[in-house]
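Enquirer: When you get a sec, could you give me coordinates for this:
(one chain, ligands or ions: 1)
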Amino acid sequence: MPDYLLPQKLVLTVREAQPEDAEQILLVSDQIAGESENTTRVPGELDLNVEQESELLQASLVASDQLYLVAEISGEIAGNLSFRAGKRQRTRHAGEFGIGVLKKYWNLGIGGYLLANLIAWARAGGQIRKINLQVRVDNLPAIHLYEKHGFTIEGRETRGLYVHGEFIDIYAMGLTIDPE
Ligand SMILES: CC(C)(COP(=O)(O)OP(=O)(O)OC[C@H]1O[C@@H](n2cnc3c(N)ncnc32)[C@H](O)[C@@H]1OP(=O)(O)O)[C@@H](O)C(=O)NCCC(=O)NCCS
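Expert: Predicted coordinates for the structure are as follows:
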């Protein structure tokens, strides 16, 4: 996977996560969870230790139906994207992903490069024919990013999230992956 030149002369590497990234990924994931209210998780809810995370990353590395990408800047993990397909015959063509970038790096294009690499991986692999995601209806930067990469809104689920005593709707968005 190539490197990318971002604004402020930052050099971004997008690569598959390695088992040795486990500790940093857990820390960054928790930080991302605390920097917005747009994730399903709040800090501390990821109930995995470093060894368990490392095993999951190793499993993802060898699986053809999973992809765990990290965005790295000067050796620091700045964001991540995790995709997993269904496990059954009738669901293994489709999967869902989650994405997050550290707040200090928002709007530099990192989310876009992570997403572009997921789509390229799915297109090259042949097995994945549909990429799905869920997003808060008021998460405008994320919706903009997904639409820019071809995703469309397929449905609206009411009361998908409950935050500070309020229910929040979520959109189901999707992108078809067909042979070119
Ligand atoms: C959503 C997220 C991953 C995007 O990452 P990112 O690195 O900032 O993404 P990019 O810089 O590639 O793209 C962001 C786009 O949103 C646009 N944007 C920013 N604020 C916006 C707003 N209020 N309304 C519409 N678009 C907006 C930016 O201009 C940019 O679009 P452009 O490339 O056309 O200029 C990041 O904001 C994040 O981690 N948020 C917290 C967690 C989260 O929401 N995860 C997704 C849950 S579904």
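
Enquirer: Only C-alpha atoms from now on, for both contacts and neighbour counts.
Expert: Will do.

Enquirer: Check which element follows the longest helix seen in the chain along the chain.
Expert: Under DSSP state H, the helix in the chain containing the largest number of residues is helix 110-125. Downstream of helix 110-125, the next assigned helix or strand under DSSP states H and E is strand 130-136.

Enquirer: Tell me what angle that following strand forms with helix 110-125.
Expert: Angle of strand 130-136 versus helix 110-125, following axes from the mean of the first three to the mean of the last three Cα atoms, to 10 degrees, is 160 degrees.

Enquirer: Return the list of strands paired to strand 130-136, each annotated with direction.
Expert: Applying DSSP bridges, strand 130-136 is found paired with strand 94-101 (parallel), strand 166-176 (antiparallel).

Enquirer: hmm, the longest helix of the chain touching the ligand?
Expert: Yes - applying Cα under 6 Å from any ligand atom, one finds helix 110-125 in contact with the ligand at I110, G111, G112.

Enquirer: Tabulate the residues you listed (a markdown table), appending pLDDT, neighbour count and distance to Q89.
Expert: What follows is those, written out as a markdown table (pLDDT from 0 to 100; neighbours: other Cα atoms under 10 Å; distance: Cα to Cα, whole Å):
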| residue | pLDDT | neighbour count | distance to Q89 |
| --- | --- | --- | --- |
| I110 | 98 | 24 | 33 |
| G111 | 98 | 22 | 31 |
| G112 | 98 | 16 | 31 |
